[in-house]
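Asks: quick one, structure for this:
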Amino acid sequence: MECPEASLRPRSPRPLRVAERGFTLIELTAVVVIISIFAALAIPQVSLRMRDRRVNEAGQRVALTYQQARVRAMGQGGAVMVRYSTGTGNQGQFETRDAITPVSGTQKCGLMPSVSCTGNILQWDTLGMYRSVTTYDFGAQPGYDNLVATATTELGAAATAMDVCFTPLGRSFVRYTTNGAWSPLQGVPQLSIFRKDTGGAVLGLTRTVLVLPTGIARLQL
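Replies: I've put the predicted structure just below:
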């Protein structure tokens, strides 16, 4: 039989099992420091991936501009031109223009499409003979502050201007001055899209758009 005095003695606390123990302040601080270090290491890579994604998206949009112009020419039965120029801040600009017939007193409809790319050299710069459809200016795009598009001729020379025109029959013509003569597209002019620093050095990913002699534009793999 248990002694009454023994039952009144205070019992020693039951030791905590490992699963019931908490974390000390030192352990929590160490975990926070480790997470902070990994986050600091990952931020530059995430930023780089986001900037490269903008380059890729811009390249896809440039290729789509030429593709849509060709389809537009064949679909509406009129010549369509895509003009590359240096644009705002020399970052590159792409403008799509429709050729239209000039308004005269005998015409009932003055905005009919013109089918020729080369019939009148001045038609692409004379008001009333063309209609601007879309303009894609890198220097005016939010988030494109250091994004640049440059053009290269069929012979590999740098170009500050490039007009590519598509006819309703799917033929393609090119010129590298805004008022020069047109030539059938036989080589492969290129558009390069990349980021650059303040010194002009290329940063990260570069995407290249090829305009093939068939008039089809695509991103180079």
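Asks: in the chain, which helix is the longest?
Replies: Taking DSSP state H as the criterion, the chain has its longest helix at helix 25-76.
Asks: where's that one relative to the chain centroid, distance-wise?
Replies: 12 Å (CA atoms, centre = their mean, to the nearest Å).
Asks: which other helices and strands does that helix contact?
Replies: When contacts are defined as 3 or more CB pairs under 8 Å, 6 or more residues apart in numbering; DSSP states H and E, helix 25-76 sits against strand 80-85, strand 93-99, strand 130-137, strand 147-152, strand 162-166, strand 190-196, strand 202-211, strand 217-219. Placement of C-beta: from N, CA and C, glycine included.
Asks: center of the chain, which residue is that?
Replies: Centroid check for the chain by CA atoms, centre = their mean gives Ala58 as the closest residue, at 0.5 Å.
Asks: tally of neighbours for Gly215?
Replies: 23 (other CB atoms under 10 Å).
Asks: what about the closest residue to the residue nearest to the centre of the chain other than its chain neighbours, neighbour count?
Replies: Leaving aside its sequence neighbours, Ala58 sits nearest to Ile193 (CB to CB, 6 or more residues apart in numbering; 5.0 Å). For Ile193, the count of nearby residues is 27 (other CB under 10 Å).
Asks: and if you look at the one 4 residues further on?
Replies: The burial count assigned to Asp197 is 9, neighbours taken as other CB under 10 Å.
Asks: for it, what are its contacts?
Replies: Taking CB atoms under 8 Å, 6 or more residues apart in numbering as the contact definition, Asp197 lies against Asn146, Leu203.
Asks: any low-confidence regions in this protein?
Replies: Applying pLDDT under 70 to the chain picks out residues 1-22, 38-51, 103-110.
Asks: surely Thr177 and Ala161 touch.
Replies: Yes. With contact defined as CB atoms under 8 Å, Thr177 reaches Ala161; the gap is 6.1 Å.
Asks: okay, those two: which has more neighbours?
Replies: Here Thr177 and Ala161 are compared on neighbour count by other CB under 10 Å; more neighbours surround Ala161, at 15 against 11.
Asks: thanks again, I'm all set now.
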